[in-house]
Each structure stands twice: as C-alpha cells, then as structure tokens.
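Asker: Next come a sequence and a model predicted from it.
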Amino acid sequence: MGEFPDAWNLTHPERVADVARAYVEAGSQIILTNTFGANRIRLAENGLGAEVASINRRGVEISRAAGDGRARVFASIGPTGKLLMSEEISPAEMAAAFEEQARALAEAGADALVIETMSDLAEAQSAIAGARATGLPVVACMVYDSGKNKDRTMMGATPEQAAQALTEAGADVIGANCGQGILGFAAICRRLRTATDRPLWIKPNAGLPEMIDGQARYSATPEDFAAQIPELIRAGAAFVGGCCGTRPDFIGAIRRQLHS
Ligand SMILES: [Zn+2]
C-alpha cells in the first residue's frame with residue numbers, strides 16, 4: 001500500500017514474477033504485465049519519470065520468464081489519469097506518452113498490447129494509435145461502471161458507441177474489463193457483439209471490493225465466477241479472464257469449467 005505498483009518491476013521483480021507464475025500454473029494462456037500505470041504522465045507524478053523504458057522493459061521480461069513458453073505475454077497499458085476534456089493534458093502530450101510506452105513494451109518483446117480500464121473513448125483512441133504504431137496486435141477495452149445499469153463508461157459511452165469507435169480506431173480485439181462483477185458482463189458482451197466484427201475480450205472483477213483491515217476483499221467465489229463463463233462465451237467472448245480480485249484460483253476454476 002502506498003507504493004507505485006509498477007515500480008516493483010525494478011525493486012521487487014521476484015515478487016512480481018511470483019504473481020505472474022501463479023497464473024501460468026493455474027492455467028492462464030495469456031498473462032499481462034505489471035505496466036498498467038507505466039506511462040510517462042503517471043510515472044512522472046510518482047517521481048519515476050526517468051524509468052519509463054526500464055519499468056516497461058522489465059515488466060515484459062518478468063512476465064516472459066514466468067510464462068516460460070506456456071503463456072503469451074500481452075502488455076498492459078492503462079489510462080494516464082488526466083482528462084482531455086478538461087484540458088489537464090493536451091492530445092499531443094497524451095499521444096506521445098502512449099507511443100513511448102507502447103514502443104518500450106514492443107521492443108521488450110510483448111506478443112500484443114492491451115489497452116484497458118479506459119473511461120474516455122478519446123483517450124482509448126489515442127492509446128490505440130500509439131499501440132498500432134508498433135505493429136503488434138492491439139486489444140482495447142473500456143470500463144463500464146456508470147449509469148443505472150452499469151452499462152456506460154464514466155464519460156457516458158455505451159458498449160455500441162465504444163465498439164464502433166474502437167473498431168474505427170483500428171483495434172484488433174475489443175472488450176470490457178473491470179468496474180463490476182461478472183453478472184453485468186454478458187449483456188455488455190452481447191451489445192459489443194452487435195457493433196463490431198472484431199473478437200471480444202471480457203475480463204470482469206470478482207465483484208466489488210470491500211476494504212477490510214486495509215485490504216481489498218471481494219465477495220465472489222472462484223466457482224461463482226467460473227459458472228458465468230459459458231454465458232460470456234455464448235454472448236460472443238473469444239477471450240475470457242479476470243480483472244481485480246480474481247486470484248489464480250479463479251483461473252483454475254475457469255479451466256475446470258471449460259474442460260468439464
Ligand atoms: Zn480491475
């Protein structure tokens with residue numbers, strides 16, 4: 001708590017590797033990298049502006065070693081935390097930050113890039129442009145955590161609007177991650193399916209967190225979560241996995257569900 005997680009690629013690489021390896025052992029075919037916040041904007045805010053290249057490179061190397069030929073490494077790119085709409089950041093500054101991060105991840109040997117937990121379509125489009133410049137496959141996901149039915153992004157975009165915008169921006173895979181538990185995702189997935197022909201990527205949370213003794217606890221069990229996976233596949237998901245709170249035992253439960 002209180003430390004910038006991505007800095008652990010440099011300061012605690014063995015502990016980051018333990019996490020990645022636990023997911024490979026649980027059966028993940030794709031693992032991400034500990035680089036969600038490793039864009040220049042967020043790193044500079046945390047006194048890590050000189051470490052953009054090294055944190056991203058180590059993130060890929062750690063996951064690659066943990067994958068050990070058994071899991072592909074898709075590198076994570078999260079939001080800058082700055083709003084274009086209120087001019088906290090210029091479009092050019094944002095674009096440069098995403099391009100820089102994407103390039104570092106690609107040079108380190110990522111198999112693909114995953115733009116995730118995006119609330120603003122304009123920011124997602126900026127990230128897609130930077131990611132596409134590397135020539136790697138690009139996954140682009142929004143977080144649906146707003147509106148009465150939790151079917152809009154914080155900025156108000158619907159799944160149909162997002163699918164169309166992300167497709168036009170050139171994402172190879174389109175999806176939804178984070179923001180809510182798995183029960184809300186089948187409807188979002190069906191709506192994405194109506195608005196794009198790209199493969200769909202769905203990564204729900206293990207419910208909503210409750211803070212207990214300074215630790216985030218999630219209410220869903222691995223079995224609750226895994227039981228909903230067939231419904232996501234019927235709704236059109238090509239990639240399924242877990243976001244916040246989905247420990248390795250969730251992935252193990254998904255594998256048992258799919259192979260039973
Ligand atoms: Zn999440």
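Answerer: Here it is on my side, so go on. Numbering: from 1, shown residues only.

Asker: What about residue 31, how many residues nearby?
Answerer: Using other CB atoms under 10 Å, residue 31 is surrounded by 24 other residues. All C-beta atoms are positioned from the backbone trio N, CA, C, and that covers glycine.

Asker: List of residues touching stretch 84-97?
Answerer: 39-41, 80, 82-83, 120, 122-123, 126, 129-130, 155 (CB atoms under 8 Å, 6 or more residues apart in numbering).

Asker: now with 6 Å?
Answerer: By CB atoms under 6 Å, 6 or more residues apart in numbering, the residues outside stretch 84-97 that reach it are 39, 40, 41, 80, 82, 122, 126.

Asker: now the end-to-end length of it.
Answerer: With CA to CA, to the nearest Å applied, stretch 84-97 spans 13 Å between its terminal residues.

Asker: Tell me which residues touch the residue of the stretch 1-150 of the chain found nearest the ion, please.
Answerer: Per CB to the ion, residue 117 is where the stretch 1-150 of the chain lies closest to the ion, at 6.2 Å. Residues near residue 117 by CB under 6 Å, 6+ apart: 78, 143, 178.

Asker: Briefly note if whatever helix or strand the last one lives in comes near the ion.
Answerer: Put plainly, it is residue 178. Using DSSP states H and E, residue 178 maps to strand 173-181. Yes: if you take CB under 5 Å from the ion as the test, strand 173-181 does meet the ion, through residue 178.

Asker: ok, that strand: who's next to it in the sheet?
Answerer: strand 138-142 (parallel), strand 200-205 (parallel) (DSSP bridges).

Asker: Give me whichever of those is most buried.
Answerer: With neighbours defined as mean count of other CB atoms under 10 Å, those peak in mean count at strand 138-142, which reaches a mean of 29.
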